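K.L.:
Requesting a structural model of the entry that follows:
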Amino acid sequence: MGQGRGTRRPLFIHPLGVPELGKRLSGNGWLGNTIGNPLETTIALSHLIFEGTFDRFPGLKVIAAHGGGYLPSHADRSDHPCLVGPKGCNPEIKPQKAPTEYLKQIYFDSLIFTPEAIRRLAAQVGAGQIVLGSDYPYPWQLAPVDHIFACASLSDDDKANILGRTAAKLLGVAA
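P.N.:
Prediction:
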């Protein structure tokens, strides 16, 4: 988290892959990228939540690649592990709020390919938490704005925010 002129800048999280799963992700389908990268994003965000990082740094803003991985679509599941499986949770680290509440400190890029995926992400985290993602210079998403324009559940204002206004505000370059 850098600082410039007293403004906190967001931290962008992009995965490198999950080398421990290399053998399982080998084979057809480029699974290291297809499911491995979203998995690593999910793991990183979950650690920030469950290790108390967002509590220690309440002003921390994170932008997560690949739509936040699997976390947004399974976020409600995160509210339950320490209740039903307390032995798997450190009793010395007690989040100050439900894990899903930390999603308000996370921004999610739009690299999730379809209008339906954008609709679901916006329904879970709010359209105001989504920023444009492309994976440039890699040709992973050849038309990174088409699915945003095609998402009928987003207002024109939501689309404009996703396509640049939200990121400009986060980066402190908004007019």
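K.L.:
In the helix of greatest length in the chain, which residues are buried?
P.N.:
Scanning the chain for the helix with the most residues, using DSSP state H, yields helix 37-50. For helix 37-50, burial by neighbour count (16 or more other Cβ atoms under 10 Å) applies to 37-42, 44-46, 48-50. Bear in mind the C-beta positions are built from the backbone N, C-alpha and C, glycine included.
K.L.:
which among those gets closest to Lys97?
P.N.:
Proximity of these to Lys97 (Cβ to Cβ) peaks at Ile49, which lies at 9.8 Å.
K.L.:
what's near enough to touch the closest one?
P.N.:
78, 95, 99, 102 (Cβ atoms under 8 Å, 6 or more residues apart in numbering).
K.L.:
neighbour-wise, which of those leads?
P.N.:
Counting neighbours by other Cβ atoms under 10 Å, the top entry in these is Tyr102, with 24 neighbours.
K.L.:
returning to that earlier point: arrange the contacts of Ile49 in a markdown table, one row each, with pLDDT, distance to Lys159 and secondary structure as further columns.
P.N.:
As requested, the contacts of Ile49 are exported to a markdown table (pLDDT from 0 to 100; distance: Cβ to Cβ, whole Å; DSSP: H, G, I helix; E, B strand; the rest coil):
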| residue | pLDDT | distance to Lys159 | secondary structure |
| --- | --- | --- | --- |
| Ser78 | 93 | 28 | helix |
| Pro95 | 88 | 33 | coil |
| Pro99 | 94 | 29 | helix |
| Tyr102 | 96 | 26 | helix |
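K.L.:
ok, which pair from those residues is furthest apart?
P.N.:
Among the contacts of Ile49, Ser78 and Pro95 lie farthest apart (Cβ to Cβ), at 9.7 Å.
K.L.:
No further questions, thank you.
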